[in-house]
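Engineer: Sequence first, predicted coordinates after that:
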Amino acid sequence: MKITCIDFETANRFHGSVCAVGVVVIEKGKITQSKNWLVKPHESHAYFEPFNITIHKITPEAVANSPEFDKVYEELKPYLENAVLVAHNAVFDMSVIKKVLDLYDIPLPKNMNICSCSIARKTWHDLENYKLNTVAKFLKHKFKHHDALEDAHACGVIIIEAMKHKGVSNILELAEKTGLKFNVLGQEEVKPFKLKQNNSFKKIDIKEIRPEVKVFNETHILYGKKMVFTGQLDTLTREKAIQKALNAGASVSEVVTKTTDYLVRGAHLPKKISNKESVKTQKAKQVRDQGGKIRIINERDFISFF
């Protein structure tokens, strides 16, 4: 069965703002094909956030003469046909596919998909964390992180090595051995974002959310950190995101202060401030400009910590 490992880079926090995509095809336990594209984001989401540029180094100038995703998809589609899709933190990349295809009114393919991060977690125990670079280092695979093709290739290495470790010959057997289930594009529990007037941004009492673990992993990147969330996330509810942070040993507050370590900024804000930045983001930038240590990150960065 053909396996296609895929990775996207985005221009900004909107998941449909694709600026690069890379794919690697695995057949009979070996990488047989690879391809990458620079992509000019759709005009409705074409702005590049500085933070994203610092991560993947792709600038507006770099993609100015590149095709938009509807044209790229004509070349990408054969790599997806009759394939199981794999991505590291797949919930993000599958959300990207859905968002960007929706922008161009392109039907969503019904590929089965699975997450290489989850597979790594079920295959090799007691790693420091299961971020792509950490797992790749454990497997002695060197690569350039946040390059779409290199990330897809690292994802492929994880799948190949996991199949060897588990003594299986295909992705179906690997899923069975690790106890994981496949999702299907368009059928995941993650639903497209729809703003509900009354309760999409309902107030959450953080004090009512408690860690689900008794012993924390003190080496986790979020252990002991102070966090604040703003905006609506695409792939997690606010409650689930806070729960993950607390389980990692972080503390979560509603207020940004000079001691806040991370502000996690969701892609969606209430309509009344949809064209502006949230008060929390404005405060975080003020703290940062005054020499504070706060980092403003997006949902993908937050998910990558786990």
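Structural biologist: Received it, and whenever you're ready, just let me know what you need.
Engineer: Pull the contacting residues for the nearest residue to Ala148 once chain neighbours are set aside.
Structural biologist: In this structure, Ala148 finds its nearest non-sequential neighbour in Gly22, 3.4 Å apart by Cβ to Cβ, 6 or more residues apart in numbering. In this view, the C-beta of every residue, glycine as well, is placed from N, C-alpha and C. Going by Cβ atoms under 8 Å, 6 or more residues apart in numbering, Gly22 touches 6-7, 34-37, 147-153.
Engineer: Now do Gly22 against Ile160, distance only.
Structural biologist: Distance, Gly22 to Ile160, using Cβ to Cβ, to the nearest Å: 17 Å.
Engineer: Filter the contacts of Gly22 down to the ones in strands?
Structural biologist: Using DSSP state E, 6-7, 34-37 are the members of those that sit in strands.
Engineer: Could I have the buried ones of those residues as ChimeraX selection syntax?
Structural biologist: Buried residues within the ones in strands among the contacts of Gly22, by 16 or more other Cβ atoms under 10 Å, are selected in ChimeraX with:
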select :6,7,34,36,37
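Engineer: before we move on, the earlier item: among the contacts of Gly22, which two are most distant?
Structural biologist: Trp37 and His153 (14.8 Å; Cβ to Cβ).
Engineer: now the strands: where do they sit in the protein?
Structural biologist: Using DSSP E, strands in the chain cover 2-10, 18-27, 30-38, 83-87, 112-115, 183-184, 226-230, 251-253, 262-265, 295-298.
Engineer: Give me the neighbour count for Glu218.
Structural biologist: Residues lying near Glu218 (other Cβ atoms under 10 Å) number 8.
Engineer: quick one: the helices in the stretch 51-200 of the chain?
Structural biologist: Taking DSSP state H, counting those that start in this stretch as the criterion, the stretch 51-200 of the chain carries its helices at 60-63, 69-80, 90-103, 116-123, 132-138, 148-166, 171-178.
Engineer: Give the other helices and strands that the third one contacts.
Structural biologist: Using 3 or more Cβ pairs under 8 Å, 6 or more residues apart in numbering; DSSP states H and E, the elements in contact with helix 90-103 are strand 2-10, helix 69-80, strand 83-87, strand 112-115, helix 116-123, helix 299-304.
Engineer: Show me what that helix is in contact with.
Structural biologist: Here helix 90-103 makes contact (Cβ under 8 Å, 6+ apart) with 6-8, 10, 14-18, 42, 44-45, 69, 73, 85, 87, 107-109, 113-118, 183, 185-186, 188, 190, 192, 234-235, 299-300, 303.
Engineer: Going by neighbour count, which of those are buried?
Structural biologist: Buried among the contacts of helix 90-103 (16+ other Cβ under 10 Å): 6-8, 10, 14-18, 42, 45, 69, 73, 85, 87, 109, 113-118, 183, 185, 234-235, 299-300, 303.
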